[in-house]
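>>> No letters, just coordinates:
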DNA sequence: ATAGTCAGTGTAATCGTTTTCAGTTATTAG
DNA sequence: CTAATAACTGAAAACGATTACACTGACTAT
């Protein structure tokens, strides 16, 4: 059943049927009624691909995620999807499973005009390529970002967030503060490391390179790196961890060494995933407005697709340090420091 | 840059260019080389929508999920996506956010030929409609299912899994076993309830209706319903819970009442999400092969799309009872029972 | 009365591929 | 040498919608 069939049944031209569906204000009331009756009667649905072909707009956007099973990204994704659907867009999911090559594969969909735009929740690609891409197609980077990259981006200020998190530990009296980073090849990890260092330096605390360990975002890596830190001659009394998953691994390691959080070791995480407030002890963590980041990213993308003016190309969302039970009090800190 | 442009540059007809890309075996080696050179030189990418339009196949499938942020579904989704991409398909994500109307909206994409097939991870729709749909379009139901529905389905045997889980508690010596169900309007909840009842009856245990409470899949509902159970004059000593999220809520409630898991209350969850083995205590839970369910569902869908013969329309995957620390031992059970 | 405007409709071109059909040349068999 | 076959290529139609343009008739302003 196609448009011309409907047209015949309604005794009008295909153009009129099309107008009824796309520009109803151009059609007389009676004709509209006549056409709609036929449409309902035969249950006609316009052929999406034919329409896309003719109009050169797919009403599809592509979202590239490094890991769809992550509690963090799935929340961002939901924000994107929600806005997308409410604006008549569909979302193609591109899970790279943390694989750089698959990132490039998905970008092909843009070249092939399969999607009207793309949101990247991961950016391991070449900076120059990304900028070039952004000139050709609507593109938004969210969560991850790149230094000095001229591409619309929405994220939090990771450096300052990390600084705040570290300073929270410093204010509790800790001086031996370690940091377990994310994979150091992603900017996010480097920035959080930078924030950590800034906080340490500005409070005249020594940065012991043994106190900086690189993880890979997983619970297990948090666990393993924490065991390393605890094996040091002078172990830290506090750890700032790249994300909540790893932070939970850290706490597990502490417990397995017959130590306690927060009494012996204070832990700060990052992301504020749902689990962080269910976990015992509740994580002290930096909350990212995940859903809002997704929403904002989609809105930014829509502006580009509709070639509207953008006021700002870099949106910095507000974060918030959520105080849980994983850091304890000042006296905890002091006692812990005295022990060794 | 379109195919005809490439054709001109290579001094061949558009048909030949098309053949180079789609049926290279039909083209002479030299021509192929000549065309490929031009394609690479001008970086030509075929227009996906035009191709879809012409071939009547979008190479897109639609996955409808009730909640993308759920640890369970996102894992299934990954299984689907993995197979899909490796077979050249893209996945449109349809998050219904547990909203029945949105389920129907997504189905429209099939009518509009936006996708070649659909996998439903939720099935709240009318049974008759689903069967009708399944006759018209490639369709697979996964995880959720329906009694006597003639639609290809992949899932575990929820009744027997629930029975096994309950029997585990019975074998530990528990007799006062409660069950916190999922939303009772979904079959999954009803089936797990049925399995629970079967186990109780076949071991001559009384089913106290006060011991059956309905939750809504969330951590909080687990928490709240458990508080209710604990407030009973004769509270249960063991609870079988609809899913892991809720089970963690249950454990939180137990702790907040100054009781212990598993010493005072044994808890069994369902799904074996990642958190369940990180949680303290580790959850005893029924593991669903999430990734494999997704994989299998996609394979089943592909068979339909390619109109291959299917041996079985109902695939039942193997589950496994994972023993954690949330149920304790026989002596725990007996002591707990004696207390009241 | 005439020209101009406007609402409503139809005709036909168009989007970029794929594929059928027919045609050409080269090769082989008889 | 002829006919049949094979290997390759090109011309043109087709997929189903949207829209520019042209047209008609009704109405308005002069």
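Received it, and whenever you're ready, just let me know what you need. Model, not experiment: these values are computed from the prediction.
>>> From now on I want contacts and neighbour counts done on CA atoms only, so please keep to that.
OK.
>>> Give me every residue in the stretch 101-250 of chain A that's in contact range of chain B.
A:111-114 (C-alpha under 8 Å from any C-alpha of the partner chain).
>>> Highest neighbour count among those?
Sorting these by how many neighbours each has (other C-alpha atoms under 10 Å in any protein chain shown) puts residue A:114 first, at 26 neighbours.
>>> right, and that one touches residue A:60 too?
Yes: shown here, residue A:114 and residue A:60 form a contact pair, counting by C-alpha atoms under 8 Å, at 7.4 Å.
>>> that older thread, so which of the residues of the stretch 101-250 of chain A next to chain B sit within helices?
Within these, residues falling in helices by DSSP state H are residue A:111.
>>> can you list the residues of the stretch 101-250 of chain A next to chain B in CSV and add pLDDT and distance to residue B:275?
Listed next are those as CSV, based on pLDDT from 0 to 100; distance: C-alpha to C-alpha, whole Å:
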residue, pLDDT, distance to residue B:275
A:111, 97, 39
A:112, 98, 39
A:113, 98, 39
A:114, 98, 36
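>>> Select, from the residues of the stretch 101-250 of chain A next to chain B, the two members most distant in space.
A:111 and A:114 (7.6 Å; C-alpha to C-alpha).
>>> Could you pull out the helices in the stretch 101-250 of chain A for me?
A:127-136, A:158-171, A:187-202, A:219-230, A:244-256 (DSSP state H, counting those that start in this stretch).
>>> Would you mark the buried spots in the third one?
By 16 or more other C-alpha atoms under 10 Å in any protein chain shown, the buried positions in helix A:187-202 come out as A:187-200.
>>> what's the answer for the fourth one, then?
Residues of helix A:219-230 classed as buried under the neighbour-count rule (16+ other C-alpha under 10 Å) are A:219-227, A:229-230.
>>> and what of the last one?
Neighbour-count burial for helix A:244-256, counted by 16+ other C-alpha under 10 Å, picks out A:244-254.
>>> quick revisit: just the buried residues of helix A:219-230 now: which is nearest DNA strand D?
residue A:219 (49.5 Å; C-alpha to the nearest atom of the strand).
>>> Over in the stretch 51-200 of chain A, which residue gets nearest DNA strand C? Let me know.
Ranked by C-alpha to the nearest atom of the strand, the top residue of the stretch 51-200 of chain A for proximity to DNA strand C is residue A:54, at 3.6 Å.
>>> and that residue, that one's in a helix?
Yes: Residue A:54: assigned to a helix according to DSSP: H, G, I helix; E, B strand; the rest coil.
>>> just to revisit the earlier point, which one of the buried residues of helix A:219-230 is nearest to residue B:70?
residue A:219 (18.0 Å).
>>> still on that earlier bit, next, count neighbours for the residue of the stretch 51-200 of chain A closest to DNA strand C.
For residue A:54, using other C-alpha under 10 Å, the count is 12.
>>> what's the spacing between it and chain B?
According to C-alpha to the nearest C-alpha, to the nearest Å, residue A:54 stands 9 Å off from chain B.
>>> measure the residue of the stretch 151-300 of chain A found nearest chain B to residue A:181 for me?
Using C-alpha to the nearest C-alpha, the point where the stretch 151-300 of chain A gets nearest to chain B is residue A:279, with a distance of 7.1 Å. The gap separating residue A:279 from residue A:181 is 21 Å, by C-alpha to C-alpha, to the nearest Å.
>>> out of these two, which sits in the more crowded spot?
Taking other C-alpha under 10 Å, residue A:279 and residue A:181 do not tie; residue A:181 has more neighbours (26 against 19).
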